[in-house]
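Chemist: dropping a prediction and its sequence here:
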Protein chains: 2
Amino acid sequence: MILIVTPNPAVDVTYRVARQHVGTTQRVLDLARRPGGKGLNVGRVLDAVGIPSRAVLPLGAAPGRWIADGLDALGLTHVDIAVTGETRTTVTVVDDVEHPTMFGEPGPEVTTDEWVAVTDVIGQQLDGDVEFLVVSGSLPHRADPGVVADWVAAARMRGVPSLVDCPGGALLAAADAGATICKPNRDELLEATGADDERSGALQLLDRGAGAVVVSRGAAGLAAHTRTGVTEVRAVPGVSGNPTGAGDAATAGLLAALLRGSSDGPTSPTTTAPSTPGVDHAALRSAAAFGAAAVLRPVAGEVDVDAVRRFLADDDGARSGTRPSDPTWSHA
Amino acid sequence: MILIVTPNPAVDVTYRVARQHVGTTQRVLDLARRPGGKGLNVGRVLDAVGIPSRAVLPLGAAPGRWIADGLDALGLTHVDIAVTGETRTTVTVVDDVEHPTMFGEPGPEVTTDEWVAVTDVIGQQLDGDVEFLVVSGSLPHRADPGVVADWVAAARMRGVPSLVDCPGGALLAAADAGATICKPNRDELLEATGADDERSGALQLLDRGAGAVVVSRGAAGLAAHTRTGVTEVRAVPGVSGNPTGAGDAATAGLLAALLRGSSDGPTSPTTTAPSTPGVDHAALRSAAAFGAAAVLRPVAGEVDVDAVRRFLADDDGARSGTRPSDPTWSHA
């Protein structure tokens, strides 16, 4: 079972309007409300391919209750920690013309005692049958990034590998604590490390203690960085749609491959972090296939499962030499 | 006690952002969430000047529970009718540059049985110590405007005067049922009646059976229409701020004056509807003063009570001849 911590879950609201226009009153023509947060997206995608996971969530007030009810309706297992602050809502406004507009609440102020309760729950869960700890998404307003380090350390102590996809200080804290895999997108990596280029940013995280750094590059694919080099895969070509949640689906695809123990020859020596599963081409291709299959779905947290299989099959063809000159297909 | 029906209450959310911009992700810097709906605004203003009221609300799902809790926190008396649909949310986005942008959900589909339950509750309440029935705000998506007629008729049967401030078909239905006062704003009046000018629109409602038609004209003041003529007052001059909820405060001011039975000589004969309180200059001036006092407050449903007194005092000065040439200060 994969334990997925979503430190700052959200009620994700999508409003469809005739035409977005600042300064006017617009009737909401169509409305969708879903349990949101990157970790929940990862869990929903894993569920779609039959991989069991358990969500750990601090939830507060009416929106928190709504998320708990929503996860029950989706049939997802979750362990809630009650907090006094109000769980955030994100509102995304869409029409058929403009790019979506997103309004993100900062999230509740979670007290130290409440974080301790979250950490206790994670520890209890890790004493069970957890194969991987995932921490995904931002921390709430004014939270101490150190909590993520505590969770990673709790997993390490028990020999459970961890994947952290958090922005800013939480990403650095996770690396310091020896996270097995740090998985930021490129912008998050550069922002968190202050580096000018992806490789040096990744090396910073590796020097801090991360076992591997997997960077999602959106339409430019993914890369796995270790001290010894970089393994890259291109994104599945010719896929367009809704990129929201594609990075979370890629995380699910990466985990699916790592759990299968799939390997076409690890490119990363595992001396730096003994518990590091080799993030190889197969794992990255799985991540890319899941990410692309999410782009085909209008809703974050969903993938077109048939598309995943199709994309992986295409890739196998590609790897046998049909795209020899693909510049993003290079070994370190 | 004033019984106030809000057929389509809302969770009113206000997001402050650095700068509104379509197609971007914007962090919410400041967030306010309030129980909303025109009827609730009227009740809060009445409460501010010590006039007891009771809210009747169909409430559904998590947002409905949130509104009930919010009214308890405000110390407002409310009678809730549980509905299965989800009570709507309105999101207003503000910054220091652009006009506010408002996104309004249509509201839940309330079933016939649920409307029957609402009507039963109103009837039970009207058997008590109700001095005025107020129905204010839009109806939910696809609701039959006839329900408003039922409520007005239930009040009439018991000799309780009614004031209806609803748009569209509900306004016409209220007039058909003999509402004591129909109080649309000018745009709502023209839209509901299809009339080209305010007077003919008002006459339509009077012909249908309304006792009087009070039209709020925003910065241009208010007018009370009866068959025999029009009584007008100008808005309090030199007041600027947030007009949201000013019309609801004006309704509260009108009710406050009518309950005081204040009168400087009714301009409207009450032959058409025996229970019609005379909507005279004093009543309209009270409405204008409350409306202006609401503009001074950043939040709908609040008034600056001292400003109300000040504006009324100024008006008394004005009436003794200091503004003899005021064009909007005319008798029919």
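Modeler: Arrived safely, thanks for sending.

Chemist: which parts of the stretch 101-250 of chain A are helices?
Modeler: For the stretch 101-250 of chain A, the helices defined by DSSP state H, counting those that start in this stretch occupy A:112-126, A:146-157, A:168-176, A:186-193, A:198-208, A:246-260.

Chemist: counting by contacts, list what the third one packs against.
Modeler: With contacts defined as 3 or more CB pairs under 8 Å, 6 or more residues apart in numbering or on different chains; DSSP states H and E, the packing partners of helix A:168-176 are helix A:146-157, strand A:162-165, strand A:181-182, helix A:186-193, helix A:198-208. (Each C-beta comes from the backbone N, C-alpha and C, glycine too.)

Chemist: how about the residues of chain A that lie near chain B?
Modeler: By CB under 8 Å from any CB of the partner chain, the residues of chain A that approach chain B are A:13, A:15, A:17, A:20-28, A:31, A:62-63, A:65-66, A:69, A:89, A:91, A:93, A:98-106.

Chemist: let me see the confidence value for the residue most central in space within chain A.
Modeler: Closest to where the C-alpha atoms of chain A average out (CA atoms, centre = their mean) is residue A:248, at 3.8 Å. Note for residue A:248: predicted pLDDT of 95.

Chemist: residue contacts, the spatially closest residue to residue A:152 that is not a sequence neighbour?
Modeler: Nearest non-adjacent residue to residue A:152, counting by CB to CB, 6 or more residues apart in numbering or on different chains: residue A:177, 3.9 Å away. Residue A:177 sits next to A:148, A:149, A:150, A:152, A:153, A:156, A:209 when contact means CB atoms under 8 Å, 6 or more residues apart in numbering or on different chains.

Chemist: which of the residues you listed are buried? Put it as a PyMOL command.
Modeler: To isolate the buried ones among the contacts of residue A:177 in PyMOL, judged by 16 or more other CB atoms under 10 Å in any protein chain shown, type:
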select buried, chain A and resi 148+149+150+152+153+156+209
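
Chemist: just put the contacts of residue A:177 in a markdown table and tack on pLDDT and distance to residue B:170.
Modeler: Converted to a markdown table, those look like this (pLDDT from 0 to 100; distance: CB to CB, whole Å):
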| residue | pLDDT | distance to residue B:170 |
| --- | --- | --- |
| A:148 | 98 | 53 |
| A:149 | 98 | 58 |
| A:150 | 98 | 57 |
| A:152 | 98 | 58 |
| A:153 | 98 | 62 |
| A:156 | 97 | 64 |
| A:209 | 98 | 65 |
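
Chemist: what's the farthest-apart pair in the contacts of residue A:177?
Modeler: A:150 and A:209 (14.5 Å; CB to CB).

Chemist: out of the helices of the stretch 101-250 of chain A, deepest packed?
Modeler: helix A:246-260 (a mean of 26; mean count of other CB atoms under 10 Å in any protein chain shown).

Chemist: just the CA trace of that helix, in PDB.
Modeler: Presented in PDB, the C-alpha positions along helix A:246-260 are these (Å, rounded to 0.1, in the frame of the first residue of the first chain):
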ATOM      1  CA  ALA A 246      -0.500  15.600 -15.400                       C
ATOM      2  CA  GLY A 247       2.500  15.900 -13.100                       C
ATOM      3  CA  ASP A 248       0.500  14.100 -10.400                       C
ATOM      4  CA  ALA A 249      -0.400  11.300 -12.900                       C
ATOM      5  CA  ALA A 250       3.300  11.100 -13.800                       C
ATOM      6  CA  THR A 251       4.100  10.600 -10.100                       C
ATOM      7  CA  ALA A 252       1.600   7.800 -10.100                       C
ATOM      8  CA  GLY A 253       3.100   6.300 -13.200                       C
ATOM      9  CA  LEU A 254       6.600   6.500 -11.700                       C
ATOM     10  CA  LEU A 255       5.300   4.700  -8.500                       C
ATOM     11  CA  ALA A 256       3.500   2.100 -10.600                       C
ATOM     12  CA  ALA A 257       6.700   1.200 -12.400                       C
ATOM     13  CA  LEU A 258       8.900   1.200  -9.300                       C
ATOM     14  CA  LEU A 259       6.400  -1.100  -7.500                       C
ATOM     15  CA  ARG A 260       6.500  -3.400 -10.500                       C
END
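
Chemist: which strands or helices does it pack on?
Modeler: helix A:38-48, strand A:132-136, strand A:162-165, strand A:212-216, helix A:281-295.

Chemist: circling back: how many neighbours does the nearest residue to the residue nearest to the centre of chain A once chain neighbours are set aside have?
Modeler: Nearest residue to residue A:248, sequence neighbours excluded (CB to CB, 6+ apart): residue A:41, at 3.6 Å. By the other CB atoms under 10 Å in any protein chain shown criterion, the neighbourhood of residue A:41 contains 31 residues.

Chemist: wait, doesn't residue A:41 sit right on residue A:246?
Modeler: No: the pair residue A:41 and residue A:246 fails to qualify as a contact (CB atoms under 8 Å) at a distance of 9.5 Å.
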